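Engineer: Can you look at this prediction? I've put the sequence above it.
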Amino acid sequence: MRLHDRFSITFRITLFTGVMATFLCALLALSIMTGIHHYVSDDVEREISAAGGRVAVQIERGQMTYPLDVYKSRDLQVVDPSGRVVAATANMRGKPRMASFIPPDTRNSISRVVCGDDFAAPGCNVVVAQWAHRSGERWLVYSAAPQVPPWVDPWLASLVGLSAAALAAAITYLGYRDVRASLRPVDAIRTELDEINETCPSRRVPMPPARDEIRAMAESVNHTLSRLDGALQQVQSALQHQRQFVSNASHDLRTPIAAMRAEVEDGLLAPEETSVSQLGEAILPSLERLEAIVHDLLTIERLEHGAYGEQARIDLAVLVAAELRGRAQKTKRYECALKPGAIVAGDRMRLARLLTSLFDNAERHARSKVSVSVRHEAGEGRGTAVLEVGDDGPGIDQDKREIVFDRFTRLDTARSRNAGGAGLGLPIARQIAEAHGGSLKIEDSPVGARFVLRLPAVCDPTMAARAGDGVPGENDPSEPC
C-alpha cells in the first residue's frame with residue numbers, strides 16, 4: 001500500500017515539510033561550515049606563511065633569532081643550499097625535512113598538505129615553502145601548522161548543527177500548524193455534511209472566510225446540495241403525485257367495476273328475472289366508462305414518453321370546424337368566430353383530442369350555449385394562434401382554476417358519475433398544449449368559464465388560405481359550425 005493511501009494529508013504534508021526542512025537546513029549548515037572552514041584555512045595559511053617569511057627576512061639579514069616561532073603548534077625548519085636542516089623549532093629539532101617540495105623558479109613560495117608523524121601535531125599539516133636569498137645562495141624555509149578539520153571547532157560545529165536542527169523543527173511545526181489551519185474548514189464541512197445526512201438536507205456547509213480553493217469547494221458543495229435538495233423535493237412531489245394518481249385511478253376504475261359486478265350478481269341471483277339484453281344494457285355504460293378511463297390513462301402514458309404522430313402544418317380554424325362538424329351530437333348551441341390563418345405545427349390526432357376535451361367540458365357545464373373563437377395574434381416570431389372556448393355555465397372560482405388541470409380532479413358540480421368525466425380530459429388537454437410549445441389556461445369571463453389555448457404560429461397569416469387548400473379533407477372554416 002502506498003504512503004498516501006495509509007496516512008492522512010496532514011501527516012503526509014508535515015512529513016514532506018520536515019524532510020525538506022531538514023535537507024535544506026543541513027545544506028545551509030554545510031554551506032556555513034564550508035565557508036568558515038575555507039576562511040579559517042586561508043587564515044592559517046597566511047599566518048604560517050607570515051611566520052616563515054619573517055624567518056626568511058632574518059636569514060637574508062644574517063640576524064636569525066631564536067626561538068623561531070612562539071606558537072607551540074607551529075613548526076619551522078631552515079634548510080641551507082646543500083639541503084641540510086640548520087635550524088628548527090623545538091618540536092622539529094633532529095628530524096628530517098618536513099617536506100621535499102620546493103617553490104618553482106617563477107614563485108617565491110608554495111603550499112602543500114603533508115601528512116606524517118614527524119610534526120608536532122601528528123596527522124596532516126599545511127606546509128608553506130619559501131625562498132630566502134643570502135650571499136647569492138638560496139635558502140629554504142618551511143613553516144607548518146595542523147590542517148583545519150572540516151568542523152573547524154567542535155563548539156562551532158555543535159552550535160551550527162543545533163541551530164540548523166532548531167530551524168528545521170520550527171519550519172516543520174509551522175508547516176503542521178498551517179496545514180491544520182488550512183484543513184480545519186474541511187473538517188467543519190465534513191462534520192456539517194454528516195449532520196446534514198442525518199438530520200436536515202436543507203442545511204448548508206459553512207463558508208470559510210478566506211477566498212481560496214477550500215471556499216470554492218464549499219461553494220460547489222452548497223450548490224450541489226441545493227440541486228440535490230431541489231431534486232429530492234421534486235422526487236418527493238412526484239412520488240406523492242404518483243401515489244395520489246394511483247389512488248385516484250384505482251378509485252375511478254373500481255367504480256364501474258363495482259357497478260358491473262353488482263349487475264352480474266343480481267342477474268345470477270335472479271336469472272329468471274334477467275335477460276342477456278337487460279344485463280348488457282345495464283353493464284354497457286360501465287364498460288364504456290371503464291374503456292374511456294383506460295384510454296385516457298394510455299394517452300397520458302404516451303404523452304409522458306413523448307409518443308407523437310406525424311407533425312403537419314394545420315390551420316387551427318379548419319381543425320376546429322372539422323371537429324365540431326364531426327361530433328355525433330351537440331347538446332348545446334355553438335356560437336363560432338373562426339378566422340382562418342392561425343397556422344400551427346403539430347400532431348393532428350393529438351390536437352383533435354385536445355379540442356374534444358375542451359368541447360366535452362364546455363357542453364357538460366354550459367346551460368345552453370358554447371362560444372368558440374379562433375384568431376391569430378401578432379407577436380414575437382410568427383405570432384400566436386389563439387383558441388377560446390367559453391360556456392354560460394356556473395364558471396370556475398379563481399382559486400380553483402389550476403386545480404381542474406390536476407388528474408382525476410372534478411369539482412363539486414361534476415362529481416356524479418353520469419354528469420362528470422374521470423377527471424383526465426383537461427389534464428390531457430394541457431399536456432398536449434405544452435407538448436406543442438403552447439399553453440392552456442382559464443381566464444376571466446363575464447359569465448361561465450373561458451378556456452384559452454395559445455400555440456405558436458408557424459407562418460404568416462397571409463399564407464393561411466394557401467396552406468389550408470393543400471390539406472385534403474379540410475373544410476372552409478367560414479362555414480357555420
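Structural biologist: Right, received. Where do you want to start?
Engineer: Do you have the strands of this protein handy? List them.
Structural biologist: All strands of the chain, identified by DSSP state E, fall at 75-79, 85-88, 109-116, 123-134, 137-146, 311-315, 333-338, 343-347, 369-377, 384-391, 439-443, 450-456.
Engineer: Show me what counts as buried in the longest one.
Structural biologist: By neighbour count with 16 or more other CB atoms under 10 Å, strand 123-134 contains the buried residues 125, 126, 127, 128, 129, 130, 131, 132. Quick note: C-beta positions are derived from backbone N, CA and C, even for glycine.
Engineer: Most tightly packed of the strands of the chain?
Structural biologist: For these, the largest average neighbour count (mean count of other CB atoms under 10 Å) is found in strand 75-79, namely a mean of 24.
Engineer: Identify whichever of the strands of the chain lies nearest to residue 326.
Structural biologist: strand 333-338 (13.0 Å; CB to CB).
Engineer: in its sheet, what does the closest one sit against?
Structural biologist: strand 369-377 (parallel) (DSSP bridges).
Engineer: How far does the strand it pairs with sit from its chain's centre?
Structural biologist: Taking CA atoms, centre = their mean, to the nearest Å, the mean C-alpha location of strand 369-377 is offset from the chain mean by 51 Å.
Engineer: who touches it?
Structural biologist: Residues from elsewhere that reach strand 369-377 (CB atoms under 8 Å, 6 or more residues apart in numbering): 316-317, 320, 324, 332-339, 341-342, 359, 362-363, 383-392, 457, 461, 464, 477, 481.
Engineer: give the contact list for residue 111.
Structural biologist: Counted by CB under 8 Å, 6+ apart, residue 111 has contacts 45, 49, 126, 127, 128, 129.
Engineer: In the residues you listed, find the pair that's most separated.
Structural biologist: 45 and 129 (12.2 Å).
Engineer: quick one: contacts for the closest residue to residue 143 other than its chain neighbours?
Structural biologist: Distances taken as CB to CB, 6 or more residues apart in numbering place residue 52 nearest to residue 143, at 3.3 Å, with adjacent residues excluded. Residues in contact with residue 52 (CB under 8 Å, 6+ apart) are 76, 109, 128, 130, 141, 142, 143.
Engineer: ok, 6 Å please
Structural biologist: For residue 52, the contact set (CB atoms under 6 Å, 6 or more residues apart in numbering) comprises 128, 130, 141, 143.
Engineer: In a markdown table, list those residues along with distance to residue 398.
Structural biologist: Below are the contacts of residue 52 laid out as a markdown table (distance: CB to CB, whole Å):
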| residue | distance to residue 398 |
| --- | --- |
| 128 | 115 |
| 130 | 120 |
| 141 | 123 |
| 143 | 118 |
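Engineer: ok, so of these, who is nearest residue 401?
Structural biologist: residue 128 (113.4 Å).
Engineer: pretty sure that closest one is touching residue 142, no?
Structural biologist: No: counting by CB atoms under 6 Å, residue 128 does not reach residue 142; the two are 7.3 Å apart.
Engineer: The residue nearest to residue 456 when sequence neighbours are not counted: how many residues sit nearby?
Structural biologist: Excluding the flanking residues, the one nearest residue 456 by CB to CB, 6+ apart is residue 437, at 5.2 Å. Number of residues near residue 437 (other CB atoms under 10 Å) recorded here: 12.
Engineer: What of residue 206?
Structural biologist: 12.
Engineer: Now it: closest residue in space, sequence neighbours ignored.
Structural biologist: In space, residue 206 is closest to residue 188, 5.4 Å off (CB to CB, 6+ apart).
Engineer: Next one: the one you found from residue 279, what distance?
Structural biologist: From residue 188 over to residue 279 the distance is 75 Å, taken as CB to CB, to the nearest Å.
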